[in-house]
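> structure of the sequence below:
(chains A and B)
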Amino acid sequence: MSLLYEMNQKALALGVPFDVQFDITYRCNERCVHCYLDHDDHGELTTAEIKDVLDQLADAGVFLLTFSGGEVFMRRDFFELVEHARKLLFNVKIKTNAVMIREAEAQRLRSLGVEQIQISIYSHRPEVHDAITKLPGSLKRSIGAIRFLKSQGLKVIMANVLMTANMHDHAGVQALARELGVRYSLDPTITPKMDGDRSILKLRIPGTELNQVFHNEDLIGDVDKFCAPPKAADEDDLDAYPCSAGHTTCYISPYGDVFPCVQFPLPSGNLRRQSFLDIWKNSPQLAEVRGIHARDLPVCSTCSHVSACTRCPGLAYMEGNMRGPSVSDCEKSYYRTGIPSANMMRGGGLSSGERLIQIQSLTA
Amino acid sequence: MSEKYISRSSAIAARMLGGEMMIMSAVDSTFFTLNEVATAIWHAADGRTPLDEIVRTRICQEFEVDMETAARDAEQFVNELSSHGIMLLSDQPFESAPSPGAPTA
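Residues are numbered from 1 along each chain as shown, chains lettered A, B, ... in the order given. Okay, here's the model as predicted:
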């Protein structure tokens, strides 16, 4: 158990928000085919408003802060915001496509003490990567940025989201990461759009491919361990929380809306109307999320996977019930172990035309 | 023996959690938690107060520990943090504590 995990557990016991993702804009210079966001600006927080929120987050005890978007460099005040965050001694991570990072930007990120930069790379082949981002030349520019960042000694993670268009390219991206001396991470999760549109779910890789990914030693490491049948659930498993969303983490949108997690679009308060701590401590929505233990999940608590499932309550919420199964996680458990989930055995799933719950602003 | 001055690096993240100070290096992602005594030294590391004076006035008095023991522990502590670039050491006072946001030359 790592020291960081221990401190996260301490934060959980104390009710302290430990880790926040702050999307400071939804605007973007790429138009990725699988993106779940609406890129129009519907009234982003101003520079002063964001600085005030950062002050509040520091006072609340937040330690890990991730700036994301949209593309963070679309905000002209981005470095001013990072500088403010670093003066408040946050551990700052950045998620970006990096196409706007050149030598000067890399130097600035280094001087500001940014701990980690995560960059989305979909393929080692420009024709595949650029077709996904819909920005010609984007792979070349992102790789150039990685070289600038590495030359400054910065820690870079290459994030490889898998979908149908690039599902055979993970080995090439992994090799590219090795060549550039950066960490590689793979994510086969495609989420519905924020407006509830599920059309992009057709981009999810088919189960046969997911099965191959989960049994690929180069990607997974110890396949026998990763794909082992789940152990029988004990009382500790049933008392456990589904994940850290709303417990030690939360997500803030460019409009000041607070959610349990970036993948859990349950509106829980707005920072233009309430203080962060008021939302964190008193939001009925966050209280409801925190009240759910594995034993409270009507289907999942009976499932043989409950002790090891990666069930995302946000995806379950988007499928209609935060206490219900998440179909995509049922599939992951199945293709990982070969054992159907309780939901699969009862025939649970989404009909293709079903509309999901949408992100909505809180009314005044 | 020359005096030793200590200053907090700008390339760190830090936050108090339940009475414990958490520190993470932005350079190598090393993560530390400091106990109460180490936290007191950390807070006092202004780059201008000699380490001996910090130990004498902040540690021995507040934590009722003898000077020899406290000085030895403090030396070990600052050397370890220094090896990870989290604490800066000098035999001269620092001009000013560097700000995390300031561009380097």
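> so what's residue B:9 up against?
For residue B:9, the contacting residues are B:25, B:85-88, B:98, by Cβ atoms under 8 Å, 6 or more residues apart in numbering or on different chains. Just so you know, the C-beta spots here come from the backbone N, C-alpha and C atoms, and that holds for glycine as well.
> which of these are buried, as a PyMOL select command?
Here is the PyMOL command that picks out the buried ones among the contacts of residue B:9, judged by 16 or more other Cβ atoms under 10 Å in any protein chain shown:
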select buried, chain B and resi 25+86+87+88+98
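> among the contacts of residue B:9, name the ones that also lie close to chain A.
With Cβ under 8 Å from any Cβ of the partner chain as the criterion, the contacts of residue B:9 include none near chain A.
> contacting residues for the residue of the stretch 151-300 of chain A found nearest chain B?
Proximity of the stretch 151-300 of chain A to chain B (Cβ to the nearest Cβ) peaks at residue A:155, 6.6 Å away. Residue A:155 makes contact with A:115-117, A:182-183, B:29, according to Cβ under 8 Å, 6+ apart.
> try it again with 10 Å
Listed by Cβ atoms under 10 Å, 6 or more residues apart in numbering or on different chains, the contact partners of residue A:155 are A:93, A:114-118, A:149, A:182-183, B:26-29.
> what are the bridge partners for residue 20, then?
All of this is about chain A. Note on residue A:20: beta-bridge partners by DSSP bridges are residue A:65, residue A:250.
> ah, I was thinking of chain B
residue B:17.
> SS state for the closest residue to residue A:175 other than its chain neighbours?
Excluding its sequence neighbours, the residue lying closest to residue A:175 (Cβ to Cβ, 6 or more residues apart in numbering or on different chains) is residue A:124, at 6.9 Å. Put simply, residue A:124 is coil when judged by DSSP: H, G, I helix; E, B strand; the rest coil.
> likewise for residue B:79?
helix.
> just give the number of residues close to it.
When neighbours are defined as other Cβ atoms under 10 Å in any protein chain shown, residue B:79 has 12 of them.
> contact partners for the closest residue to it other than its chain neighbours?
Once flanking residues are discounted, residue B:79 sits nearest to residue B:89: 7.8 Å by Cβ to Cβ, 6+ apart. Counting by Cβ under 10 Å, 6+ apart, residue B:89 touches B:4-7, B:45, B:51, B:78-79, B:81-82.
> just the buried subset of those, please.
B:4-7, B:45, B:51, B:78, B:81.
> just for chain B, where's the confidence low?
B:1-2, B:97-105 (pLDDT under 70).
> state the distance from the residue positioned nearest the centre of it to residue A:284.
Among the residues of chain B, the one closest to the centroid is residue B:42, at 3.7 Å (Cα atoms, centre = their mean). Residue B:42 sits 39 Å away from residue A:284, going by Cβ to Cβ, to the nearest Å.
> the nearest residue to residue B:67 once chain neighbours are set aside - how many residues pack around it?
Leaving aside its sequence neighbours, residue B:67 sits nearest to residue B:60 (Cβ to Cβ, 6+ apart; 5.5 Å). Residues near residue B:60, counting by other Cβ under 10 Å, number 17.
> now do the SS call for residue B:60.
Per three-state DSSP, residue B:60 ends up helix.
> what sits against it?
B:54, B:66-71.
> can you check residue A:244 too?
Per Cβ under 10 Å, 6+ apart, neighbours of residue A:244: A:8, A:11-12, A:18-19, A:250, A:260-261.
> now with 8 Å?
Residue A:244 touches A:8, A:12, A:19, A:261, counting by Cβ under 8 Å, 6+ apart.
> how about the backbone phi and psi for the most centrally placed residue in chain A?
Central residue of chain A (Cα atoms, centre = their mean): residue A:262, 5.9 Å from the mean position. For residue A:262, the backbone dihedrals (degrees, to the nearest 10) come out as phi -60, psi -30.
> isn't it up against residue A:23?
Yes - assessed by Cβ atoms under 8 Å, residue A:262 is found in contact with residue A:23 at 7.2 Å.
> now for the two: what residues contact both?
A:68, A:251.
> skipping adjacent residues, who's closest to residue A:278 in space?
Nearest residue to residue A:278, sequence neighbours excluded (Cβ to Cβ, 6+ apart): residue A:269, at 7.3 Å.
> what's around that neighbour, how many residues?
Counted with other Cβ under 10 Å, residue A:269 comes out at 24.
> what residues are up against residue A:263?
A:191, A:245, A:312, A:314-315.
> same question for residue A:217.
Contacts of residue A:217 (Cβ under 8 Å, 6+ apart): residue A:223.
> show the pLDDT at it.
We have a pLDDT of 93 for residue A:217.
> give me the nearest residue to residue 59, chain neighbours excluded.
Using chain A. Nearest non-adjacent residue to residue A:59, counting by Cβ to Cβ, 6+ apart: residue A:277, 7.5 Å away.
> try again with chain B
residue B:70 (4.6 Å).
> what strand or helix carries the one you found?
Assigned by DSSP states H and E, residue B:70 belongs to helix B:67-83.
> what strands flank the very next helix or strand once past that helix, and is each parallel or antiparallel?
Next helix or strand after helix B:67-83 toward the C-terminus (DSSP H and E): strand B:87-90. Here strand B:87-90 is paired, per DSSP bridges, with strand B:5-8 (antiparallel).
> who touches the strand it pairs with?
With Cβ under 8 Å, 6+ apart, strand B:5-8 has contacts from B:14, B:41-42, B:45-51, B:54, B:78, B:86-94, B:97-98.
> kindly recompute the last result at 10 Å.
Everything outside strand B:5-8 that qualifies as a contact, by Cβ under 10 Å, 6+ apart, is A:89, B:14, B:23, B:41-51, B:53-54, B:74, B:77-78, B:81-82, B:86-98, B:100.
> do stretch A:133-143 as well
Residues contacting stretch A:133-143 (Cβ under 10 Å, 6+ apart): A:28-33, A:35, A:96-102, A:119-132, A:144, A:158, A:176, A:179-180.
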